[in-house]
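Visitor: Return atomic coordinates for the entry below.
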Amino acid sequence: MEQSATLDIETLKITQEQFILASQSLHLQRPGCDAVYQVGLYGWRKRCLYFFLLLLLVTMIVNLALTVWIIKVMNLSADGMGKLQLNQDGIHLEGISEFQLPLYVSEIQSRRDGMLVLRSEKNVTLNARDVQGQLTGQLTVGPEAVEAQCQRLEVRSRDGGRLLFTADEQELTMTTEQLTVTGSEGAVFEHSIETPLIQARTSEDLKLEAPTRTLTMEAPRGVEVSAAKGTLKISSRKDLQLESTEGEILLDASSIQLGSLPLGIYTQSPSQAFREQAVYEVCVCPSGKIYLSPAESSSSCQAMSNICLWS
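Guide: Model (predicted):
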């Protein structure tokens with residue numbers, strides 16, 4: 001068996017050699033290819049590809065550098081950004097901050113050992129809105145005035161328990177024990193004012209004045225005007241009217257003086273009107289005007305006096 005296998009291999013070798021020799025003797029030639037096609041990128045396409053790859057690499061490096069620079073400058077960390085820290089209760093911000101767009105928060109609180117300052121070049125406006133987005137309250141602090149737009153304005157004490165000042169569309173209420181006006185011109189009220197007491201400071205005068213209109217004081221149980229340690233002075237440019245509809249007007253004093261009363265004269269001859277007189281009596285005209293008349297043995301008050309006729 002081994003000899004037969006060896007013979008077969010040698011026979012095959014001889015046959016292969018004979019085939020090679022026969023093909024060389026016949027000068028056989030393989031068919032050639034007329035066109036050669038190259039596979040790949042060559043020329044300007046290859047240069048453009050390398051250029052775009054280089055540009056992409058430069059962009060990635062610049063982007064990475066800018067990202068590192070922003071993290072470094074903004075001081076970004078896992079807790080927040082710089083002086084802005086994110087906590088479970090909210091945002092903790094230190095220093096001066098500037099907001100270009102509206103800020104929506106539920107509570108703004110300053111540090112325990114500092115104060116909260118809201119600063120703006122024009123004005124600071126605080127708005128309160130309901131669920132539908134309608135404006136329910138507004139506080140505007142501007143360069144000329146502080147405006148509050150709400151249904152009811154309340155000012156409370158430091159502890160928040162005592163109500164000091166309230167204002168709404170109907171009335172203005174002050175619950176403080178004392179209202180002090182320190183201006184040199186006093187307080188000006190365009191309409192009525194209701195108060196149980198108007199009192200001046202110690203060693204200072206109290207002055208109630210209506211320069212162009214009428215000063216009226218009314219009370220259901222009476223009005224008391226008193227000067228415990230000084231002089232009470234009531235002056236008017238025109239008429240001073242004391243009227244009582246159901247009671248009487250009582251002037252109770254040790255001495256009552258009526259100064260600058262006119263002198264009324266009613267005589268038959270004009271020569272008797274200028275005689276010297278030392279005693280006078282006080283007369284009242286039907287219109288209520290008071291004048292002086294020379295005292296005689298009988299009353300000289302006449303309804304036809306010149307004072308009563310001209311008044």
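Visitor: Thr67 belongs to a helix?
Guide: Yes. Thr67: assigned to a helix according to DSSP: H, G, I helix; E, B strand; the rest coil.
Visitor: What is the burial count for it?
Guide: Residues within reach of Thr67, counting by other CB atoms under 10 Å, total 11. (Each C-beta comes from the backbone N, C-alpha and C, glycine too.)
Visitor: Kindly report the same for Leu179.
Guide: 10.
Visitor: can you check Tyr291 too?
Guide: Close neighbours of Tyr291, defined as other CB under 10 Å, add up to 22.
Visitor: Checking it next. Helix, strand or coil?
Guide: What three-state DSSP gives for Tyr291 is strand.
Visitor: wait, doesn't it sit right on Ser260?
Guide: No. If you go by CB atoms under 8 Å, Tyr291 and Ser260 don't touch, sitting 10.9 Å apart.
Visitor: who does the residue nearest the centre of the chain bridge with?
Guide: By CA atoms, centre = their mean, the mean C-alpha position of the chain lies nearest to Thr140, the distance being 2.6 Å. The residues listed as beta-bridge partners of Thr140 by DSSP bridges are Thr125, Glu147.
Visitor: List the contacts of it.
Guide: Thr140 sits next to 123-126, 146-149 when contact means CB atoms under 8 Å, 6 or more residues apart in numbering.
Visitor: Turn these into CSV, columns for distance to Ala210 and neighbour count.
Guide: Listed next are the contacts of Thr140 as CSV, based on distance: CB to CB, whole Å; neighbours: other CB atoms under 10 Å:
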residue, distance to Ala210, neighbour count
Asn123, 37, 13
Val124, 39, 12
Thr125, 39, 14
Leu126, 39, 12
Val146, 30, 10
Glu147, 30, 12
Ala148, 30, 12
Gln149, 32, 13
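Visitor: Need the max-distance pair from those.
Guide: Pairwise distances across the contacts of Thr140 peak at 14.2 Å for Val124 and Gln149 (criterion: CB to CB).
Visitor: where does the residue nearest to the centre of the chain sit relative to Leu172, distance-wise?
Guide: Shown here: Thr140 relative to Leu172, a distance of 20 Å by CB to CB, to the nearest Å.
Visitor: ditto for Gly90
Guide: 37 Å.
Visitor: Next: Glu121.
Guide: 33 Å.
Visitor: Specify which residue of those two has the higher count of neighbours.
Guide: A count of neighbours by other CB under 10 Å puts Leu172 above the other of Glu121 and Leu172, at 11 against 5.
Visitor: Can you get me the start-to-end distance on stretch 292-299?
Guide: Stretch 292-299 has an end-to-end distance of 11 Å (criterion: CA to CA, to the nearest Å).
Visitor: Going by neighbour count, which residues of it are buried?
Guide: For stretch 292-299, the neighbour count (16 or more other CB atoms under 10 Å) marks 292-294 as buried.
Visitor: and if you look at stretch 301-311?
Guide: 301-302, 305, 307-308.
Visitor: Go through those and flag which are in helices.
Guide: 307-308 (DSSP state H).
Visitor: pLDDT on stretch 225-238, on average?
Guide: For stretch 225-238, the mean per-residue pLDDT is 79.
Visitor: all strands in the stretch 1-150 of the chain, in order from the N-terminus.
Guide: Taking DSSP state E, counting those that start in this stretch as the test, the strands found in the stretch 1-150 of the chain are 80-81, 84-86, 91-93, 124-129, 135-141, 146-149.
Visitor: need the ones you listed in CSV with distance to Ile71 and mean pLDDT, can you?
Guide: CSV is the format used below for the strands of the stretch 1-150 of the chain (distance: least, CB to CB, whole Å; pLDDT from 0 to 100):
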stretch, distance to Ile71, mean pLDDT
strand 80-81, 10, 74
strand 84-86, 14, 77
strand 91-93, 19, 77
strand 124-129, 33, 85
strand 135-141, 38, 88
strand 146-149, 43, 87
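Visitor: Turn those strands into TSV, columns for distance to Phe51.
Guide: Converted to TSV, those look like this (distance: least, CB to CB, whole Å):
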stretch	distance to Phe51
strand 80-81	38
strand 84-86	43
strand 91-93	47
strand 124-129	55
strand 135-141	59
strand 146-149	64
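Visitor: how close does Leu101 get to Leu49?
Guide: 45 Å.
Visitor: Of these two, give the one with the bigger neighbour count.
Guide: Per other CB under 10 Å, whichever of Leu101 and Leu49 has more neighbours is Leu49, with 11 against 5.
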